[in-house]
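*Asks:* Mind looking at a prediction? Sequence and model below.
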Amino acid sequence: MQDFQGKTAFVTGGASGIGFAMAKAFGAAGMNVMLADIEREPLEKALEDLRQRQIKAEGVHCDVAERASVEDAAKATVEAFGKVHVVCNNAGVGAGGPVGTLKPGDWDWTIGVNLMGVVYGVEAFLPLIRAHGEGGHFVNTASMAGMISPPGMEPYCATKFAVVAMSEGWAGQLAPENIGVSVLCPGFVNTRIFESSRTRQEKFGKAEVVDNEMPSAGAQLVKAGINPDIVGACVFEAVRDNDLYIFTHPDMRPAVEQRFARIMAGFDKAAQREALRGVDTKSPQVINMLNG
């Protein structure tokens with residue numbers, strides 16, 4: 001996208017952190033902004049802040065783990081602004097802990113918000129973007145935990161890896177329709193992700209152990225992370241440039257390279273396996289994953 005003036009951005013988890021930073025960045029570029037959040041009071045405060053910045057903004061209460069709630073938020077966005085062009089599926093929660101200690105509700109909660117919230121956002125808004133034919137862009141928030149998997153963060157990492165995979169596939173499908181897709185993979189950002197249980201829905205049960213929300217060492221790294229406004233600016237630039245991957249911490253590249261090196265070593269080992277000797281797998285020489 002090159003022309004942002006007068007167009008509309010929708011942001012989940014928009015009342016704070018990275019979501020609010022995205023809203024400010026898009027609003028500063030002349031876009032209307034619809035903030036969606038599960039917390040009502042912070043949502044009102046965020047709207048007041050945006051309006052003081054002369055950004056045209058509205059808000060809607062939304063539980064991204066409920067398909068109907070996301071669909072209602074989509075309808076409210078069109079009712080308020082007529083069209084929607086940029087959709088930021090950003091709401092997220094953090095859960096983790098030693099293997100065997102997590103409860104079913106911890107998994108269901110993390111998957112419901114981090115993974116299905118993105119699915120519901122794309123499925124609710126894609127028909128609306130297609131309908132006006134002006135193109136658009138989806139920004140799906142994953143994490144560096146969607147590229148590497150630190151022990152003890154399996155529910156969180158599983159959902160963030162899924163968001164990366166879905167975004168890669170959608171990017172290839174939607175590019176011919178002038179609809180871009182970006183997957184945001186931030187490193188440590190100073191947000192309240194380590195306090196996610198404050199918004200935990202009753203149907204998922206209460207977190208029995210606070211440390212299951214996020215390991216304490218991780219929480220300290222988050223608190224020392226970069227300002228969310230930097231991430232918001234990165235997201236705006238990426239949408240403008242139609243970038244698929246949005247990274248905020250170039251210094252984390254070696255960790256990804258280390259993972260890829262282990263994967264390549266696995267392929268090297270496969271080429272040497274006695275069990276595969278003489279087997280013709282007939283795999284295609286080129287598999288284009290990103291361009292449909």
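*Replies:* Looks like it arrived, so ask away. Numbers count the residues shown, from 1 in each chain.
*Asks:* Surely L221 touches F188?
*Replies:* Yes - between L221 and F188 a contact is recorded at 4.8 Å, counting by CB atoms under 8 Å. C-beta coordinates here come from the backbone N, C-alpha and C atoms, glycine included.
*Asks:* okay, these two: which has more neighbours?
*Replies:* F188 (19 against 16; other CB atoms under 10 Å).
*Asks:* Let me know how buried the closest residue to the more buried one other than its chain neighbours is, in neighbour terms.
*Replies:* Leaving aside its chain neighbours, F188 sits nearest to G225 (3.5 Å; criterion: CB to CB, 6 or more residues apart in numbering). For G225, the neighbour count with other CB under 10 Å is 19.
*Asks:* Same question for G172.
*Replies:* Residues contacting G172 under the criterion other CB under 10 Å number 16.
*Asks:* measure it to A142 for me?
*Replies:* For G172, the distance to A142 equals 17 Å [CB to CB, to the nearest Å].
*Asks:* got it, and A171?
*Replies:* Distance, A171 to A142, by CB to CB: 13 Å.
*Asks:* higher neighbour count, those two?
*Replies:* When A171 and A142 are compared for neighbours, A142 comes out ahead with 27 against 23, by other CB under 10 Å.
*Asks:* so how far is V231 from the more buried one?
*Replies:* According to CB to CB, A142 stands 12 Å off from V231.
*Asks:* And E79, by the same measure?
*Replies:* For E79, the distance to V231 - CB to CB - is 29 Å.
*Asks:* the more surrounded of those two?
*Replies:* Per other CB under 10 Å, whichever of E79 and V231 has more neighbours is V231, with 26 against 11.
*Asks:* what residues are up against the more buried one?
*Replies:* Contact analysis of V231 by CB atoms under 8 Å, 6 or more residues apart in numbering lists I18, A21, M22, L184, P186, V189, T248.
*Asks:* In helices, which of those residues appear?
*Replies:* Cross-referencing the contacts of V231 against helices under DSSP state H gives I18, A21, M22.
*Asks:* Narrow those to those that are buried.
*Replies:* If you count burial by 16 or more other CB atoms under 10 Å, the buried members of the ones in helices among the contacts of V231 come out as I18, A21, M22.
*Asks:* List the backbone torsions phi and psi for the closest residue to A21 other than its chain neighbours.
*Replies:* Once flanking residues are discounted, A21 sits nearest to G232: 3.1 Å by CB to CB, 6+ apart. Note on G232: its backbone torsions stand at phi -60, psi -40 [degrees, to the nearest 10].
*Asks:* Kindly confirm whether my reading is correct that G232 touches A29.
*Replies:* No - G232 is beyond contact range of A29, at 10.8 Å (criterion: CB under 8 Å).
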